[in-house]
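Engineer: From the sequence below, what's the structure:
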Amino acid sequence: MNQITKPRSLFLNLTQDLMFKNYFKLNKNVLKSLLKAFLPLPQNSSIKDIIILDSLIPSLSSEEKSSLMDLRVQLDSGEFVNVEMQAFPYKSFTKRILLYWAKNYSSQIKTGEKYEKLCPAYSLIFSTFDVFSKTKNFYTSFSICSDEAPYFSFTGDLRFVTVELSKFGKRKPSSLIDLREEWCYLLKESRRMGEKEGKELSRKGYEMEEAMFHLKELSREEGLRLVEEAREKAWKDQMAREDDSFGRGMAKRQQDLVISMLKNKLEISLISKITGLSAVEINKLKESLS
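Structural biologist: So this is what the prediction gives:
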């Protein structure tokens, strides 16, 4: 029996970290456009140029972990920016973001150098999953401010920006209202876009026109396509392992709960109602306690 092969998408999947990194690293103009759309830069400032830095920040000691960022750049005005695409909901995700920001900030100076040398550091994080349950907005900007009025800023050197693509609803290119929404659409829908959608997005302005042209060119590279497919398989395998591990963990916690209820002499009918387990399953656990 012949196996049906799923057709390739027309464009690379930009929610894959390696595709995301290659796409922006190989074209400064599209990277500048992305940063302009999302960074909360001071009023009247603009990004004239960027320097793409080494993404690896080495550890300072043998006990400390090195940090490998997707994209680490410096703006012509001095700010350092860590740009990340996250497709997998790691545990302690916000702590990881904070650690990467701290390393990006502290790596600017060496022992004995003056603190005045430090420039603001931003973290621009794109995710394909929900990070914060308290807001339905896909774009959120954070800084350190006082808890009480007059709510002044502690420092302008720290800024986190999260873009939760999972909260960016299904739209058509013609309905996008600004550059920020255009980038969200391109990043989220790149693997599902057809030629029609690509052309519509290109007509939004010269920045999207260049972004789409660059995406088309990269999508023709067979080497990147093979890497994309390998990464997709590895990601699905990882998700399967996580699901399996989570399932086993849930089963163990449910079992412990039932045992605790039995020890506290709750009726089997009530335990069944609370846990969803059948009376037969609960009785088996009861017998194991004898």
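Engineer: drop to CA atoms for contacts and neighbour counts, all remaining ones
Structural biologist: Fine.
Engineer: how about Lys204, what does it touch?
Structural biologist: Ser174 (Cα atoms under 8 Å, 6 or more residues apart in numbering).
Engineer: Now do it against Pro173, distance only.
Structural biologist: 8 Å (Cα to Cα, to the nearest Å).
Engineer: What of Arg8?
Structural biologist: 22 Å.
Engineer: which one of these two has more residues nearby?
Structural biologist: Pro173 (20 against 11; other Cα atoms under 10 Å).
Engineer: so what's the backbone phi/psi at the residue nearest to the more buried one when sequence neighbours are not counted?
Structural biologist: Using Cα to Cα, 6 or more residues apart in numbering and skipping the chain neighbours, the partner closest in space to Pro173 is Leu201 (5.4 Å). Dihedral pair for Leu201: phi -70, psi -40, per degrees, to the nearest 10.
Engineer: just Leu285 next, same as before
Structural biologist: Dihedral angles (degrees, to the nearest 10) for Leu285: phi -70, psi -40.
Engineer: ok, it - how many residues close by?
Structural biologist: Leu285: 16 neighbours (other Cα under 10 Å).
Engineer: where are the low-confidence patches of this protein?
Structural biologist: 1-7, 57-68, 234-254, 273-276, 290 (pLDDT under 70).
Engineer: check contacts around the residue nearest to Leu12 when sequence neighbours are not counted.
Structural biologist: Spatial nearest neighbour of Leu12, excluding adjacent residues (Cα to Cα, 6+ apart): Ser219 at 5.3 Å. Applying Cα under 8 Å, 6+ apart to Ser219 gives the contacts 10-12, 225.
Engineer: of these, closest to Ala87?
Structural biologist: Nearest to Ala87 among these: Leu12, at 14.7 Å, using Cα to Cα.
Engineer: mind listing what Leu224 touches?
Structural biologist: Contacts of Leu224 (Cα under 8 Å, 6+ apart): 19, 218.
Engineer: Tell me if it really is in a helix.
Structural biologist: Yes. Assigned with DSSP: H, G, I helix; E, B strand; the rest coil, Leu224 falls within a helix.
Engineer: Please determine how far it is located from Phe80.
Structural biologist: Taking Cα to Cα, one finds Leu224 at 28 Å from Phe80.
Engineer: cool, and Met212?
Structural biologist: With Cα to Cα as the criterion, Met212 and Phe80 are 26 Å apart.
Engineer: how about Leu124, secondary structure?
Structural biologist: Per three-state DSSP, Leu124 ends up strand.
Engineer: rewinding a little: the more surrounded of Met212 and Phe80?
Structural biologist: Neighbours were counted for Met212 and for Phe80 using other Cα under 10 Å; Phe80 has more, 26 against 21.
Engineer: Across the sheet, point out what pairs with that one.
Structural biologist: Gln74, Ala121 (DSSP bridges).
Engineer: Now do the contacts for it.
Structural biologist: By Cα under 8 Å, 6+ apart, the neighbours of Phe80 are 72-74, 104-105, 119-122.
Engineer: give the contact list for the residue nearest to Pro173.
Structural biologist: 173-174, 182, 208-209, 212.
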